[in-house]
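Undergrad: Test case, fold it:
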Amino acid sequence: MEQKSKILIIEDEEHLALLIKLNLEHTGKYEVFIAKDGEEDLRKAKQENPNLVILDLRLPKLPGEEVCKEIRRDEKIGDTPIIMVTAKGSSVDSVIGKVIGANCYISKPFEIDKLLEEIDKIINKPQKRF
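TA: The predicted structure follows:
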C-alpha cells in the first residue's frame, strides 16, 4: 500500500478547511491535518512534518506571512512546499507571497479542482520556491 502524503491546512475558516480536507481525503492520496491559527500551525507543522502546507494569510494570533517565514527558517520543515490561499487577491500580495517563500498563490474564492491540481503538481513533481 502506497504511503499517503501529509498535508497541513492552516485556515481559520472552519468550513473552508473542512471542505478542502474532505476533498483531499476523498482522493485517497492524502492524510490531512488542520490548524486554525498561526501559533497552532507552527507546532503542528513541526509535529506532523507535512509534505505540503496550505496556508491562509489572514490568521488569528500570527499572520500567514510570519508563519511562512517561520516555516522557511526551520531546519526540519524549511523546504516544505507552501500553497498560499487567501482573499487578498492583488498582484502585490501574490508577489509578497512568492518573496516570503510560497510555491504557489491561489486567491479566494477558488475552484477546489484548481487547488487539487496545484497540490498534485507540487506533490508529484517537487518545485523550487519562487
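
Undergrad: quick one: the residue nearest the centre of the chain and Arg43, what's the gap?
TA: Centroid-nearest residue in the chain: Ile54, 1.3 Å away (criterion: Cα atoms, centre = their mean). Distance of Ile54 to Arg43, given as Cβ to Cβ, to the nearest Å: 17 Å. No exception for glycine: its C-beta is placed from N, CA and C like everyone else's.

Undergrad: shouldn't the residue nearest to the centre of the chain be in contact with Leu19?
TA: No. Counting by Cβ atoms under 8 Å, Ile54 does not reach Leu19; the two are 11.6 Å apart.

Undergrad: For the residue nearest to the centre of the chain, give me phi and psi.
TA: Main-chain dihedrals, Ile54, degrees, to the nearest 10: phi -100, psi 120.

Undergrad: ok, now which ones touch Leu115?
TA: 20, 23, 54, 83, 85, 106 (Cβ atoms under 8 Å, 6 or more residues apart in numbering).

Undergrad: And the pLDDT at the third one?
TA: Reading off the confidence values, Ile54 has pLDDT 95.

Undergrad: and it, what are its bridge partners?
TA: Beta-bridge pairing for Ile54 (DSSP bridges): Ile9, Ile83.

Undergrad: could you list every residue that touches it?
TA: Ile54 makes contact with 7-11, 20, 82-83, 85, 115, 119, according to Cβ under 8 Å, 6+ apart.

Undergrad: Report the lowest-confidence entry in those.
TA: Val85 (87).

Undergrad: Would you check that that residue makes contact with Glu11?
TA: Yes. Val85 lies in contact with Glu11 (Cβ under 8 Å); the separation is 7.2 Å.
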